[in-house]
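Q: quick one, fold the following:
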Amino acid sequence: MMLTREQSRTVDRIAIDEYGMSGLVLMENAGRGVTDRLCELGIAGPVVICCGKGNNAGDGFVIARHLNLRGYEPCVLLWARPEELVGDAAENFRILQKTRVPVTVVEEETDAWLAEQLGGADWIIDAEHQRYRLSQIFRVPDWTQGVYPPLAQPGMDVREGDYLLAIDGQDVTTERNLYSYFQGLAGKQVSLLFNDRPDREDAREVTVVPVSSERTLRYRAWVEHNRRVVARASGGQLGYMHLPDTYLGSAREFPKYFYSQTQKKGLIIDGRYNGGGLDPDILLQRLAKRPMSYWTRRYSMDQTTPPVVTQAHLALLTNRQAGSGGDMLPMEFQLKKMGPVIGTRTWGGLVGISMFLRLIDGGGLTAPDYRIYSPEGRWIVENVGIQPDIVVDLDPMEMARGHDAQLMKGVEVLLKQIQEAPITEPSRPAFPADR
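A: Numbering: from 1, shown residues only. Take a look at the predicted model:
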């Protein structure tokens with residue numbers, strides 16, 4: 001998906017006509033820790049960084065320099081003349097010019113930016129036949145509501161490896177950017193022609209509704225992928241859940257993944273990229289519940305009070321993209337001694353905001369107006385973050401090969417705990433004998 005800098009607040013896979021590449025667009029407000037996000041997406045190819053003339057552009061130039069040092073191939077689109085840059089942006093641009101990172105000045109945004117795409121799939125190019133092929137179709141768990149992957153609907157006769165031959169009767173070739181064929185089609189029924197070979201004989205026609213963003217589809221696919229990796233690596237002993245925030249997102253996701261995995265011997269709680277919201281204690285309370293008593297009857301499985309608890313060993317993953325409530329999650333996890341925290345130091349943005357002032361031009365103004373301190377009377381977390389118990393960073397090349405070092409360290413730690421401190425159920429007393 002290609003977005004203007006005003007539209008974009010996220011990182012997403014895209015393709016760009018002007019550069020003839022499949023890669024990534026990063027907007028100037030993506031943040032300096034974006035390399036970890038690239039690792040999570042498993043992208044090791046070209047990256048385009050879009051910068052304006054504001055002070056945030058300096059971050060974009062820093063990102064480009066860091067990506068260049070880590071083996072990526074960044075280039076910069078600058079929506080300003082270099083002489084318009086001021087402050088940190090001007091200084092970081094001068095430093096960037098000393099590297100081999102190419103910079104293209106774009107004084108006006110043009111229609112070359114695409115606003116829509118067929119969500120839910122990755123594509124590869126068959127150079128010999130000049131056709132696009134499906135490399136991956138994103139699917140979501142059956143219980144997911146309101147998310148409909150275009151190519152994974154029931155009865156959809158499409159599979160990985162198929163060639164896309166036509167869209168609404170228009171021949172599709174690699175002479176054009178694939179996403180340009182979908183421009184203006186989001187939310188509309190579209191006819192696609194697929195085949196398992198690059199010709200039209202016995203081709204299959206399907207009708208899909210393209211989506212304007214595949215962010216949710218990719219997120220769901222990432223979570224489900226991690227869950228399956230953990231299950232395979234542990235022989236089914238460990239469960240996995242991701243907490244995207246400490247607000248409505250986790251309020252929806254937590255019940256889906258917690259109640260179905262209470263009988264696991266270990267649980268990995270993934271708090272990476274947690275966007276915060278409120279106090280996460282309500283989630284940790286449920287994870288920390290332990291049986292207070294047991295109930296039994298003849299010929300039946302015993303039950304507990306409370307009725308839904310887990311005795312699993314716990315580990316929490318976090319990273320530098322977790323902030324606010326995402327800082328508070330590992331902080332409280334450590335204070336409650338629930339298990340090890342694994343990953344990198346968190347963002348350090350745990351502050352409170354209670355007001356938002358609207359401006360007459362349609363904009364707004366807000367600022368943090370309260371902060372956190374400890375029972376000992378010390379300012380904590382803000383501008384410092386939470387240090388994990390086990391520091392594990394991500395390597396871009398390992399992620400490109402599909403290896404998530406933080407996730408696998410969680411598996412390793414929990415399997416060791418299970419071996420050293422196996423979970424045991426209490427022995428039920430014998431039933432009274434009949435007289």
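Q: find the nearest non-adjacent residue to residue 257, please.
A: Distances taken as CB to CB, 6 or more residues apart in numbering put residue 241 closest to residue 257, at 3.6 Å, once the chain neighbours are dropped. For the C-beta atoms, the positions are set from N, CA and C on the backbone; glycine is no exception.
Q: OK, contacts around that neighbour?
A: By CB atoms under 8 Å, 6 or more residues apart in numbering, the contact set of residue 241 is 227, 253, 254, 257, 258, 261, 267, 268, 269, 270.
Q: just the element for it, please.
A: Assigning secondary structure by DSSP states H and E places residue 241 in strand 238-242.
Q: check residue 126 and give its pLDDT.
A: Looking at residue 126, its pLDDT reads 93.
Q: any idea how far it lies from residue 173?
A: 10 Å (CB to CB, to the nearest Å).
Q: who has more neighbours, the two?
A: residue 173 (15 against 12; other CB atoms under 10 Å).
Q: pLDDT wise, what is the more buried one at?
A: 94.
Q: now it. Nearest residue, chain neighbours left out?
A: Nearest to residue 173 is residue 130, by CB to CB, 6+ apart, at 4.8 Å.
Q: next: residue 279.
A: In space, residue 279 is closest to residue 328, 6.4 Å off (CB to CB, 6+ apart).
Q: wait, is the one you found part of a helix?
A: Yes: the assignment for residue 328, made by DSSP: H, G, I helix; E, B strand; the rest coil, places it in a helix.
Q: so how far is residue 245 from the most centrally placed residue in the chain?
A: The centroid of the chain falls nearest to residue 219 when counting by CA atoms, centre = their mean (5.1 Å). From residue 219 across to residue 245, the span is 12 Å (CB to CB).
Q: just checking, residue 292 touches residue 306?
A: Yes: counting by CB atoms under 8 Å, residue 306 is a contact partner of residue 292 at 7.1 Å.
Q: just checking, what packs against the biggest helix by length in the chain?
A: If you go by DSSP state H, the chain has its longest helix at helix 215-233. When contacts are defined as 3 or more CB pairs under 8 Å, 6 or more residues apart in numbering; DSSP states H and E, helix 215-233 packs onto strand 12-16, strand 238-242, helix 405-420.
Q: quick check: angle from the longest one to strand 238-242?
A: Going by axes from the mean of the first three to the mean of the last three CA atoms, to 10 degrees, helix 405-420 is angled at 140 degrees with respect to strand 238-242.
Q: low-scoring stretches of the stretch 1-150 of the chain, by residue?
A: Within the stretch 1-150 of the chain, the ranges that satisfy pLDDT under 70 run 1-59, 70-73, 77, 79-80, 86-87, 106-119.
Q: ok, 90 please
A: Along the stretch 1-150 of the chain, the parts satisfying pLDDT under 90 run over 1-122, 138-150.
Q: show me the contacts for residue 249.
A: Contacts of residue 249 by CB under 8 Å, 6+ apart are 243, 275, 277.
Q: no, scratch that, I was asking about residue 83
A: Residues near residue 83 by CB under 8 Å, 6+ apart: none.
Q: please enumerate the helices of the protein.
A: Under DSSP H, the chain gives helices at 34-41, 57-69, 87-96, 215-233, 248-258, 281-288, 325-335, 396-400, 405-420.
Q: okay, those helices, which one's buried deepest?
A: Mean neighbour count, computed with mean count of other CB atoms under 10 Å, is highest for helix 325-335 among those, reaching a mean of 24.
Q: list the contacts of that one.
A: So helix 325-335 is in contact with 243, 245-247, 269, 271, 273-281, 283-284, 314, 316, 318, 322, 339, 341, 346-350, 380-381, 385-386, 388-389, going by CB under 8 Å, 6+ apart.
Q: for residue 167, which non-adjacent residue is spatially closest?
A: Using CB to CB, 6+ apart, the nearest residue to residue 167 is residue 181, at 4.8 Å.
Q: returning to what we had before: state the pLDDT value of the residue nearest to the centre of the chain.
A: pLDDT, read off for residue 219, is 88.
Q: likewise for residue 419?
A: Looking at residue 419, its pLDDT reads 96.
Q: repeat for residue 207
A: Value for residue 207, per-residue pLDDT: 92.
Q: enumerate every residue touching it.
A: 189, 190, 191, 192.
Q: again, but for residue 234
A: 266, 411, 414, 415.
Q: same deal with residue 292?
A: By CB under 8 Å, 6+ apart, the neighbours of residue 292 are 304, 305, 306.
Q: separation between the residue nearest to residue 178 when sequence neighbours are not counted and residue 412?
A: Distances taken as CB to CB, 6+ apart put residue 132 closest to residue 178, at 5.2 Å, once the chain neighbours are dropped. Residue 132 sits 39 Å away from residue 412, taking CB to CB as the criterion.
Q: for the closest residue to residue 388 other than its chain neighbours, which residues are in contact?
A: Of all residues beyond its chain neighbours, the one nearest residue 388 is residue 341 (4.4 Å), with distances taken as CB to CB, 6+ apart. Applying CB under 8 Å, 6+ apart to residue 341 gives the contacts 315, 316, 317, 318, 330, 333, 334, 386, 388, 389, 390.
Q: what do you get for residue 371?
A: By CB under 8 Å, 6+ apart, the neighbours of residue 371 are 350, 351, 352, 379, 382.
Q: among those residues, name the buried ones.
A: 350, 351, 382 (16 or more other CB atoms under 10 Å).
Q: measure stretch 256-270 end to end?
A: Using CA to CA, to the nearest Å, one end of stretch 256-270 lies 14 Å from the other.
Q: ok, stretch 340-354 next?
A: 32 Å.
Q: try stretch 410-429
A: Terminal residues of stretch 410-429 are spaced 36 Å apart (CA to CA).
Q: chain center to it, what's the gap?
A: 30 Å (CA atoms, centre = their mean, to the nearest Å).
Q: how about residues contacting it?
A: 230, 233-234, 237-238, 265-268, 294, 296, 302, 311-315, 317, 340, 342, 390.
Q: rerun at 7 Å
A: 230, 233-234, 237-238, 265-266, 268, 294, 296, 302, 311, 313, 315, 317, 340, 342, 390 (CB atoms under 7 Å, 6 or more residues apart in numbering).
Q: now a ChimeraX select for only the buried ones of the residues you listed.
A: For the buried members of those, the matching ChimeraX selection, counting by 16+ other CB under 10 Å, is:
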select :230,233,234,237,238,265,266,268,313,315,317,340,342
